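Asks: below are the sequence and a predicted model for it; my questions follow.
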Amino acid sequence: MTRALRPDLAVIARHVAPGSRVLDVGCGDGALMAALRDESQVDARGLEIDPVNVATAVARGLSVVQGDADVDLADYPDASFDYAILSQTLQTTRHPDRVLEHLLRIGRHAFVSFPNFAHWRVRASLLFGGRMPVTRLLPVAWYATPNIHHVTIDDFRALLRERGIAVEGSWYLSNGRTARPGAANLLAEHAVFLLRG
Amino acid sequence: MNDDPRFGLNRRVVLPGPLRLDGGTLLSPVEVGYETYGRLADNGGNAILICHALTGDQHVAATHPVTGKPGWWTRMVGPGRPIDPARHFVICANVLGSCMGSSGPATVNPATGKPWGMAFPVITIRDMVRAQALLLDHLGVEPLMAVVGGSMGGMQALSWAATFPERVSAAVVIASTARHSAQNIAFHEVGRQAIMADPKWRGGDYYAAGDPPAAGLAVARMAAHITYLSEAGLTEKFGRRLQARPDRPDGAKSFGFDADFQVESYLRHQGLAFTDRFDANAYLYITRALDYFDLAEEHGGTLAHAFAGTRTRFCIVSFDTDWLYPTSESRVIVHALNAAGARASFVELSSPFGHDAFLLESPELARVVDGFLRAGETA
């Protein structure tokens, strides 16, 4: 069902309970929402900053609102969704910690996925090349990247500990496949966390 | 159904009413001018109500019987368009208070046998919606798969969803607002004062003289028309270019008060053309209804309460250069819908044409509305 989805989205789609209510923050063109709606009868709503993506999602029949996670999450009521999802968006926000708090306030659970800036390729690029890395997951040069708050898996775990946020699940991806959690901060290109709201 | 005289182009009906108006009076009878397109499905599930804007009319997709111009929203309604009579049963009615066949100040007051003039009761957006509901009852249309409107039509769509939530499956609200701002009211007051300052207005009792306050109405239209365009659009279209004259094809300043600039000539033309098709008193009444519109006020001051428990799907669209009903007003609606847990979509589209963009060719708008409506058809 989820073979066409980006790997992190496929992980999320597999773990969202059928029939639940989902808010996808930074939903892009609505690929995950459409999969959840069609395969799991999920009542999905989306928030997306790019108007072209919003138009595409709405034209797919999805309920998507154009807006900015940094600004517009404040308007969603507490505990109004079973899951709030933030996939590959955390690192693009101006205040990732506040966005995370809103996510946990709005959703009973929250999925957060992000590219791991401590992956060995990134480290190698900086260590040996002395240049900001341009990799498969970080394909845009430093001056044009939307990723303004790069984060590593260990950074994210530290933030969760600091804020007392409970982890209900975590998955690590490398080459589009699930990787073992051991040494994830070095070996995983991508992380998906399920948090308790 | 094809033989049913209730359906088709350029229809009129006199409904007994009475219609209880927000102002407290009862209106009876209620005349409605309207058009229908397409065929109502046996299960009644394909009806779409189109709501028109301030100076619009029921001729949404057919030739206007007076001006001979094509319908005002053929880009949205027609074969192969998002709203397609091949799939949908489309209804568009002239709003209450207007002058294209529905009860308004220019229609006859049964108590006096003369035009109502200013004795016509002041009406609201919700009154317009209730009159449309009476029409739908008459047509045998119960649920609406969608109510669709831009500008004042969008306000009616919101009011429909708030007033008859069980009857509206989906609402499309384009370039609109949930309340008139001080600036909106201010521009309308300029227009109303222009009409009332025209000596030919005669306290609204000008019908017998056959000499309506055209100059005042034209100025009202000119002021309003500016609000429908963007500054960039005006600059691109006219800049500071001068009107061509017989002896000076490039134009020249007259050092007088002729329409030297092209933009002046354009506005004068817009104003004059408008007076051929619109009643000055109707303009007063409809602008009043718009100024009174504040959907939150009708629901205890909280807009979200207007949509509490709603099952209606909403599609809100704004245009980035619309300064009459800017994107911020659409966001107010979206925030309220989110707070109410409603299924809401919102997109701000880009257009150089200001508020008028909703009437113009916009592939993006068509794509959004088409997808939104189709999602309701497969559900």
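Replies: Now that the structure is in, tell me what you want to look at.
Asks: contacting residues around the helix or strand bottoming out on mean pLDDT in chain A?
Replies: Within chain A, confidence by mean pLDDT, DSSP states H and E is lowest for strand A:177-179 among all helices and strands, at a mean of 85. With C-beta atoms under 8 Å, 6 or more residues apart in numbering or on different chains as the test, strand A:177-179 has contacts from A:7, A:11, A:171-173, A:187-188. The way it works is simple: take the backbone N, C-alpha and C, and place the C-beta from them, glycine included.
Asks: so which of those residues are in strands?
Replies: Residues of the contacts of strand A:177-179 located in strands (DSSP state E): A:171-173.
Asks: now these as a markdown table including neighbour count and distance to A:H102?
Replies: Formatted as a markdown table, these follow (neighbours: other C-beta atoms under 10 Å in any protein chain shown; distance: C-beta to C-beta, whole Å):
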| residue | neighbour count | distance to A:H102 |
| --- | --- | --- |
| A:W171 | 22 | 23 |
| A:Y172 | 23 | 25 |
| A:L173 | 23 | 25 |
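Asks: pipe those into CSV and attach distance to chain B per row.
Replies: Listed next are the ones in strands among the contacts of strand A:177-179 as CSV, based on distance: C-beta to the nearest C-beta, whole Å:
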residue, distance to chain B
A:W171, 29
A:Y172, 33
A:L173, 31
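Asks: chain A: helices as residue ranges?
Replies: Secondary structure of chain A (DSSP state H): helices at A:7-15, A:31-40, A:51-59, A:69-72, A:96-106, A:120-124, A:153-163, A:184-187.
Asks: ranking those by burial, who's on top?
Replies: Most buried of the helices of chain A, by mean neighbour count (mean count of other C-beta atoms under 10 Å in any protein chain shown): helix A:51-59, with a mean of 23.
Asks: now it - C-alpha only, PDB.
Replies: What follows is helix A:51-59, C-alpha atoms only, in PDB (Å, rounded to 0.1, in the frame of the first residue of the first chain):
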ATOM      1  CA  PRO A  51       0.500  27.200  -2.300                       C
ATOM      2  CA  VAL A  52       1.300  25.000  -5.300                       C
ATOM      3  CA  ASN A  53       1.400  22.000  -3.000                       C
ATOM      4  CA  VAL A  54      -1.800  23.100  -1.300                       C
ATOM      5  CA  ALA A  55      -3.600  23.400  -4.600                       C
ATOM      6  CA  THR A  56      -2.500  19.900  -5.600                       C
ATOM      7  CA  ALA A  57      -3.600  18.400  -2.300                       C
ATOM      8  CA  VAL A  58      -7.000  20.200  -2.400                       C
ATOM      9  CA  ALA A  59      -7.500  19.100  -6.000                       C
END
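Asks: show me how far that helix is from its chain's centre.
Replies: Centroid separation for helix A:51-59 versus its chain: 19 Å, with C-alpha atoms, centre = their mean, to the nearest Å.
Asks: hmm, who's touching that helix?
Replies: A:27-30, A:33, A:46, A:48, A:64-66, B:315, B:345-350, B:364, B:367-368, B:370-372.
Asks: now the stretch 1-150 of chain B against chain A: closest residue?
Replies: Nearest to chain A in the stretch 1-150 of chain B, going by C-beta to the nearest C-beta, is B:P82, at a distance of 10.1 Å.
Asks: right, and that residue touches B:P363 too?
Replies: No - applying C-beta atoms under 8 Å as the test, B:P82 and B:P363 come out as separate, 10.8 Å apart.
Asks: A:P115 - how many residues pack around it?
Replies: Counted with other C-beta atoms under 10 Å in any protein chain shown, the neighbours of A:P115 add up to 23.
Asks: oh, I was asking about B:S350
Replies: There are 12 residues near B:S350, going by other C-beta under 10 Å.
Asks: rewinding a little: from the contacts of helix A:51-59, which would you call buried?
Replies: When the contacts of helix A:51-59 are checked for burial by 16 or more other C-beta atoms under 10 Å in any protein chain shown, the buried set is A:27-30, A:33, A:46, A:48, A:64-66, B:315, B:345-349, B:364, B:367-368, B:370-372.
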